[in-house]
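J.: return atomic coordinates for the entry below.
(one chain, ligands or ions: 1)
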Amino acid sequence: MQGYIINLNKVKEEDLIVTILSDGNLETLYRFYGARHGTINLGFKIDYEIEPSAKSTIGRLKDVVHIGYKWINDYKLLKLWQDFTGLFYKHLKDAEELGSFYFEILENASTEWNKQNPKRVAIESYVKLLEHEGRLHKELYCFLCSKKITGDVSLLRAFLPTHYNCTYTLGIHQEGLIELYENKSSLFLSDKEIDRLWSVLMEGL
Ligand SMILES: [Zn+2]
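T.: Now for the predicted structure:
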């Protein structure tokens, strides 16, 4: 099987509880420490097997092979990737059925990650996720005062739209936001706007 490591918890000594997002599932597995094992880390894509355990409800992670990204040695890209993939754990940990959607989001994002500003890749992916979950607010009415937003849009967590004058966070120009929502393209947004959207994204999916 293949999947993305979206959470790691160290338990006694060097053993780990690993949560993996695979195509359709979220697997929580136990990994015994072994000096011969390769290092695994948050955000890594791995090929693996699950060994059921008779003593525990949680299976054992084994035969792990790290599937590296082309950009894996770029520390900055890796750090941003880990920030991004870590968000999926909190969002999905109690989910029952996932389907392929979330796995594919990470598949696509990981191949695009070094081709443009990775924060743009993350934001475009996140808008697809919001739409998939029926949470994308394309109708621009202010979450706080309920009135229509005609100018720049200040976004709160989960990209909830508000007036600049209602929240005083950086306004995103509406044309760029509409292009993002309709075509999943951040082309018309400035790097400053992207930095703001990234920091909103980091508050949680
Ligand atoms: Zn308002």
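
J.: how about the residues of the chain near the ion?
T.: Cys142, Leu144, Cys145, His163, Cys166 (Cβ under 5 Å from the ion). In this view, the C-beta of every residue, glycine as well, is placed from N, C-alpha and C.

J.: drop anything exposed from these.
T.: Buried subset of these (neighbour count, 16 or more other Cβ atoms under 10 Å): Cys142, His163, Cys166.

J.: from these, which ones fall inside helices?
T.: Members of those lying in helices (criterion: DSSP state H): Cys166.

J.: show the backbone phi and psi for Lys148.
T.: Reported as degrees, to the nearest 10, the phi and psi values for Lys148 are phi -60, psi 150.

J.: quick check: it touching Tyr141?
T.: Yes. Lys148 sits in contact with Tyr141 when judged by Cβ atoms under 8 Å, with a separation of 5.7 Å.

J.: which one of those two is surrounded by more residues?
T.: Just comparing Lys148 and Tyr141: by other Cβ atoms under 10 Å the higher neighbour count belongs to Tyr141, 14 against 11.

J.: show me the contacts for that one.
T.: Neighbour list for Tyr141: Lys147, Lys148, Ile149, Pro161 [criterion: Cβ atoms under 8 Å, 6 or more residues apart in numbering].

J.: what's the following helix or strand after the top helix by length along the chain?
T.: Longest helix of the chain, by residue count under DSSP H: helix 75-92. Next helix or strand after helix 75-92 toward the C-terminus (DSSP states H and E): helix 101-112.

J.: which residues touch that next one?
T.: 3-4, 21-24, 45, 69, 81, 84-85, 88, 92, 121-122, 125, 128-129, 132.

J.: neighbour-wise, give me the winner out of the contacts of Tyr141.
T.: Ranking the contacts of Tyr141 using other Cβ under 10 Å puts Pro161 first, with 23 neighbours.

J.: that one contacts Phe143, doesn't it?
T.: Yes. Using Cβ under 8 Å, Pro161 is in contact with Phe143, at 6.2 Å.

J.: ok, and the closest non-adjacent residue to Leu130?
T.: Leu136 (4.0 Å; Cβ to Cβ, 6 or more residues apart in numbering).

J.: can you confirm Ile6 is in a strand?
T.: Yes. Assignment of Ile6 by DSSP: H, G, I helix; E, B strand; the rest coil places it within a strand.

J.: run a quick check on it versus His91, I expect a contact.
T.: No. Applying Cβ under 8 Å, one finds Ile6 not in contact with His91, separated by 9.2 Å.

J.: coming back round to it: pLDDT for the residues of the chain next to the ion - can I get that in JSON lines?
T.: Below are the residues of the chain next to the ion laid out as JSON lines (pLDDT from 0 to 100):
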{"residue": "Cys142", "pLDDT": "98"}
{"residue": "Leu144", "pLDDT": "97"}
{"residue": "Cys145", "pLDDT": "98"}
{"residue": "His163", "pLDDT": "98"}
{"residue": "Cys166", "pLDDT": "97"}
